Structures are given as C-alpha cells and as structure tokens.
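[1] Based on what follows, work out the 3D shape:
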Amino acid sequence: MSDAAARRAELEARNAAMRENVDNLMADLRRRTSEFAGAQARAAAVTGAATSPDGLVQVQVNPAGVLTDLRFAPAAFQRSTPEKLARSVIETAQTAARSAREQVEGVLAPLQGQTDLSELVEGAPSFADLLRPPPPPPGAEAPPQRGRRARDDDPDDDEGFGSVLKGPR
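    Numbering: from 1, shown residues only. This is a model prediction of the structure:
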C-alpha cells in the first residue's frame, strides 16, 4: 500500500469515526430534547393545592405559583374575620405554591446531572439552564404587612362595597 493510499484510508477511518461520533451526539440530543419536552409538558400540567388548617380556605395555583382558584367554605364569613381570612388566603396560597414548586422540581430532577450539551460542544446551549425552576417571588415566604386605608382612599368603593379582604371600615 502506498503512502497516499494509507493516508487516504486513515482519513476515511477518521472521517467514519467522526461521523459516528456526530451521529451519536445527534441521537443523544434528540433523546434529550424529547425527554425535556415531556418533562416540560408534565411540569406545565402541575397544580398546587392547599386547604387552610381551619378548612375555610382552599386555593389552587399553577406551576409558577400563580393563584388559579380560590374557594371559601360556606361558613367562612361567619366563623372568621376578614383580616384572618386574608391572612389565611396568603398562607394557604404560599403552601400551594411550595407544593407546585416541589412537584416541578420532582418532574425535572431525573434530567439533572446528565452530561450537558454545552460540555460537549463549545457554544451550545445548556440544558441545565433550562431545567432550573424559577426562584420564588420576592416575599413569598412571609405575608406582606398591609395598613388599613381610609374609606375615601378606596377607588373601588364607589358604591359603599369594599373588598372583604380589607377588613371592616
């Protein structure tokens, strides 16, 4: 075998190995993209739900922790005060949001720790960045303290009906 033939055979072997490597990377990328899409769909379907300890408030939130449903027990307004109900809504919504966040983290956990595309191909996007759940909103752990507003300061009180969450006037 001549030097040119040997060189050509070596280049063809290297080319075949490189093609196989690229084919394997593409198959892995397709598999991970499919896994990611499935996890993303499951995470988007997550709902967090919670009921207050006294059973007067039930809330449901979406995967981002945004309130999607709020229900009061029929006796809620007889057994509680507006201030207590407001506090209960906030605390119950936070519990539901934590539940949703934990569920999303559970859905995404199996995808964590795998070799990342950015480690294999310089400049490629990182799956790890896409798998991090968003941080909780500021102040999500502690209910905000609100002062009472005067009746004349309430723009929504044109008919004398204030929000039940603002308390008695």
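
[2] now the strands for the chain?
    For the chain, applying DSSP state E gives strands covering 48-51, 57-61, 67-72.

[3] Between the two ends of stretch 51-59, what distance do you get?
    Using CA to CA, to the nearest Å, the span of stretch 51-59 from its first residue to its last is 6 Å.

[4] switch to numbering from 48
    Sounds good: first residue 48 from here, last item stretch 98-106.

[5] contacts for it?
    With contact meaning CB atoms under 8 Å, 6 or more residues apart in numbering, stretch 98-106 is reached by 96-97, 114, 116-120, 122-123, 126-127, 132, 135-136, 138-140, 143. The way it works is simple: take the backbone N, C-alpha and C, and place the C-beta from them, glycine included.

[6] from these, which would you call buried?
    Buried members of those, scored by 16 or more other CB atoms under 10 Å, are 97, 119-120, 123, 127, 132, 135-136, 138-140, 143.

[7] what's the farthest-apart pair in these?
    Spatial extent of the buried ones among the contacts of stretch 98-106 (CB to CB) is set by the pair S127 and A143 at 18.7 Å.

[8] Just the helices from the chain, written as ranges.
    Secondary structure of the chain, counting by DSSP state H: helices at 50-91, 123-126, 129-155, 164-167, 174-178.

[9] and those helices as JSON lines, adding mean pLDDT and distance to Q105?
    As requested, the helices of the chain are exported to JSON lines (pLDDT from 0 to 100; distance: least, CB to CB, whole Å):
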{"stretch": "helix 50-91", "mean pLDDT": "89", "distance to Q105": "22"}
{"stretch": "helix 123-126", "mean pLDDT": "94", "distance to Q105": "10"}
{"stretch": "helix 129-155", "mean pLDDT": "95", "distance to Q105": "7"}
{"stretch": "helix 164-167", "mean pLDDT": "68", "distance to Q105": "42"}
{"stretch": "helix 174-178", "mean pLDDT": "63", "distance to Q105": "31"}
